[in-house]
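**Student:** Generate a structure from the sequence data that follows.
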Amino acid sequence: MAKEAENKNNNNGQIDYKALGFMCGLEIHQRLATSEKLFCSCPTNILGKSAKPIAAISRYQRAVAGELGSVDKSAEFEQLRARGFSYNVFDGNTCLVDIDEEPPHELNSDALEIALSIASAMQMQIIDEMQIMRKGVIDGSDPSAFQRTMLVGLNGKITVGKHEIGIPIISLEEESSGIVSTTSSSVIYSTDRLAIPLVEIDTDASIPDPRTAKDVALYLGTMLRLTGRVQRGIGSIRQDVNMSIRDGARVEIKGVQELGLIDRFLENEIKRQTNLIMIKKRLVSAKAEVGRATDVTDLFPNTKSEIILDNLKNGGTVFAFMLSGFKGMLGLEINPNRRLGTEISDYARMAGVNGIIHSDEDMSKYSISDQELSDLRKKLGMERDDSFIIIAGKKETAKKAAELAIWRANYSLKGVPKETRMAHDNENCTSKFLRPLPTGSRMYPETDIRPVLVTDDMRKTAMKLAPDIEKESKYLNSKIRSNLIVEQLITSPKLQLFKSITEEMKIDPEFVANILTQKFTELRRNGINVDSIPDSRILEAFRFYADGKITKQGMDELLKCMSKEDSSIAELLVKAKLMRIKGKDLEDLIASERKGRTGMGIDELRNAIMAKYRLNVDGSELNSLLSKK
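**Tutor:** Model prediction:
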């Protein structure tokens, strides 16, 4: 980290985030587990990669003014990229509503009920009359160029540790399309997940440090799972993290998948902004300037540089511009494997070029000769402390790339640009610039759907269904001794199943919880698809256990059988020879095993029986009978 950040350390050597001016807020996006999409009756199951589309549609999109009359900056930027979009559509999972060829149907009442219950859990002010809005989105993720969204609640709060965190809004909206593939000029999307109901929860910017940001995200994730009505799996929950520091800028980190890594992303973003601030100070001190793009194609008639040569063979052009006073700055690392030159290159790539060549790099790896470098420096009018950037490509593409690179290079004289940036999981930092930050100028009312009135009955139902982490924790701690299992169960989709089993049957709750958490995890790791077993079947299996028809050890094997076959539990027990041996049958078994083994002690006999009938004999019952004998 740069010295400027190190100077903000407290006496314990830790960063003083308050002195650093750290501000942070989260946006949590969670898909809801409804049977239908938000404004149509298409199912919400997401198809696998092997699913074949029945057709594809193509669209170009443009930015339009919001209800306040201005155009959103991020939408303008996406329009400048002039990309084409193609959408794969699927039989049964896509309809005319999805592709904007039919008006939306009525709002999904189940999705609204779930959103209201989540709002109630955070003590939010429920909106009396909800107006569905269109949010302009022209990155292609929606065929209609807008996303339907509605404000559900305002001014809520949660308490995480010692911190009270404000929740200004919760919204109910449509999920976007999934990206299949992308190039600089086009993107292919899949519409199977498009318009699945989604809640967005926004915190305020009062989160004091990266560790608390992670705790807040985990708290909200736990609360959402406690509803028992949200989707699970990769991509079903996404976190966007907004942060800034003093003299920096608000940056939105898009698509953090792992809640537990949020603190690392924030720590690396602090380093990035701190280093950019340091670079700005050095450049201003050096009176640095950024030159104009110059056509330098004529300097490379016999070049051996493959990057330049390949573009020239295809009728391309080479542009270059000088960065006065930038020597050593372009190659300065600002994040793991990220440099100022990398950030400038990201902007150039938006125009469709493969990247840039800058003077802080080793020119020999690009096969650019000393003579070519000398000619380039002379043409640009460079001096000792100056740097340069080279961009090659088709003339219009290279020219546009140079303009974008010059804009970003100029901004390094100002500090940190306001951006939306992509999360890079391998390095736990932001990998690249995506677009400028969006503004409020992209919202306008949806005219095809009536406003939604929230009745008193809807409010009462929401309060009744509201998830309560503290209440659930107390409930589980009263039944389970292991804190580890309590933590696993409270975030597990099997929590409601655990309640159903333990409230209906007289079974050791610890045993039930262990099966539903640790045993299920173990079976998954061994390739057993236990998640394919419906909860109703698992409930029935425990009934057989409660009735004394199967042992604890036999439950493991029964689950394996249930994951492979749809036969009844009774049939599976007979087929797999898992029926429990008990009572008179167990006494007869003991007598049979004792025959011909004169002098065998109780321990030896017990071990011999359990070795042969481990899955069929309950150890405690066997011990009891052996003790009597």
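
**Student:** mind listing the strands for the stretch 201-350 of the chain?
**Tutor:** For the stretch 201-350 of the chain, the strands defined by DSSP state E, counting those that start in this stretch occupy 237-244, 251-256, 289-290, 294-295, 317-324, 333-335, 338-339.

**Student:** Measure how far the first one is from the centre of its chain, please.
**Tutor:** This means strand 237-244. Here strand 237-244 is found 9 Å from its chain centre; the criterion is C-alpha atoms, centre = their mean, to the nearest Å.

**Student:** Can you tell me what sits against it?
**Tutor:** For strand 237-244, contacts defined as C-beta atoms under 8 Å, 6 or more residues apart in numbering pick out 21-31, 205, 213, 217, 221, 224, 230, 250-257, 259, 262, 265-266, 269-270, 273. From N, CA and C alone the C-beta is placed, and that goes for glycine too.

**Student:** Can you mark which positions in it are buried?
**Tutor:** Using 16 or more other C-beta atoms under 10 Å as the test for burial, strand 237-244 gives 237-244.

**Student:** Go through these and say which is closest to residue 607.
**Tutor:** Of all those, residue 237 has the smallest distance to residue 607: 48.6 Å, by C-beta to C-beta.

**Student:** give me the number of residues near the residue lying closest to residue 60 once chain neighbours are set aside?
**Tutor:** Distances taken as C-beta to C-beta, 6 or more residues apart in numbering place residue 84 nearest to residue 60, at 5.8 Å, with adjacent residues excluded. Neighbour count of residue 84, defined by other C-beta atoms under 10 Å: 14.

**Student:** so residue 84 bridges to which residues?
**Tutor:** Listed by DSSP bridges, the beta-bridge partners for residue 84 are residue 186.

**Student:** how about it, what does it touch?
**Tutor:** Counting by C-beta under 8 Å, 6+ apart, residue 84 makes contact with 58-60, 185-187.

**Student:** Could you rerun that using 10 Å?
**Tutor:** Under the criterion of C-beta atoms under 10 Å, 6 or more residues apart in numbering, the neighbours of residue 84 are 58-61, 140, 183, 185-188.

**Student:** Show me what counts as buried in the top strand by length along the chain.
**Tutor:** For the chain, the longest strand by residue count, based on DSSP state E, is strand 146-160. Buried residues in strand 146-160, counted by 16+ other C-beta under 10 Å: 146-150, 152-153, 156, 158, 160.

**Student:** Sheet partners, orientation included, of the helix or strand just after that strand?
**Tutor:** Using DSSP states H and E, the helix or strand that follows strand 146-160 towards the C-terminus is strand 163-174. In the sheet, strand 163-174 lines up against strand 146-160 (antiparallel), strand 197-202 (antiparallel) (DSSP bridges).

**Student:** CA atoms only for strand 163-174 - export them in PDB, please.
**Tutor:** Provided in PDB are the C-alpha atoms of strand 163-174 (Å, rounded to 0.1, in the frame of the first residue of the first chain):
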ATOM      1  CA  HIS A 163     -23.400  -1.300  14.400                       C
ATOM      2  CA  GLU A 164     -26.900  -0.100  13.300                       C
ATOM      3  CA  ILE A 165     -27.000   0.000   9.500                       C
ATOM      4  CA  GLY A 166     -29.600   1.800   7.700                       C
ATOM      5  CA  ILE A 167     -31.600   0.200   4.800                       C
ATOM      6  CA  PRO A 168     -32.900   3.100   2.700                       C
ATOM      7  CA  ILE A 169     -34.800   1.000   0.200                       C
ATOM      8  CA  ILE A 170     -35.800  -2.500  -0.900                       C
ATOM      9  CA  SER A 171     -37.000  -3.100  -4.400                       C
ATOM     10  CA  LEU A 172     -38.700  -5.900  -6.300                       C
ATOM     11  CA  GLU A 173     -37.500  -6.300  -9.900                       C
ATOM     12  CA  GLU A 174     -36.800  -8.500 -12.800                       C
END
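
**Student:** gap between the helix or strand harbouring residue 459 and the chain center?
**Tutor:** Assigned by DSSP H and E, residue 459 falls within helix 456-465. Here the centre of mass of C-alpha atoms in helix 456-465, compared against the chain's by C-alpha atoms, centre = their mean, lies 30 Å away.

**Student:** Point out the other helices and strands that it packs with.
**Tutor:** Under the contact criterion of 3 or more C-beta pairs under 10 Å, 6 or more residues apart in numbering; DSSP states H and E, helix 456-465 touches helix 109-121, strand 125-126.

**Student:** 7 Å - rerun?
**Tutor:** Where contact means 3 or more C-beta pairs under 7 Å, 6 or more residues apart in numbering; DSSP states H and E, helix 456-465 is packed against helix 109-121.

**Student:** And the strands in the stretch 1-150 of the chain, which stretches?
**Tutor:** Taking DSSP E, counting those that start in this stretch as the test, the strands found in the stretch 1-150 of the chain are 23-31, 55-59, 84-89, 125-126, 129-130, 132-136, 146-160.

**Student:** immediately after the helix or strand harbouring residue 498, which helix or strand?
**Tutor:** Under the criterion of DSSP H and E, residue 498 resides in helix 495-504. Per DSSP H and E, helix 495-504 leads on to helix 509-514 as the next helix or strand towards the C-terminus.

**Student:** out of the strands of the stretch 201-350 of the chain, nearest to residue 111?
**Tutor:** strand 237-244 (15.7 Å).

**Student:** Provide the strand pairings for the closest one, with the direction of each partner.
**Tutor:** Here strand 237-244 is paired, per DSSP bridges, with strand 23-31 (antiparallel), strand 251-256 (antiparallel).

**Student:** Look up how far residue 332 lies from residue 368.
**Tutor:** Per C-beta to C-beta, to the nearest Å, residue 368 is found 21 Å from residue 332.

**Student:** of the two, who's got more company?
**Tutor:** Just comparing residue 368 and residue 332: by other C-beta under 10 Å the higher neighbour count belongs to residue 368, 21 against 16.

**Student:** hang on, the more buried one in a helix?
**Tutor:** No. Counting by DSSP: H, G, I helix; E, B strand; the rest coil, residue 368 is not found in a helix; it is coil.
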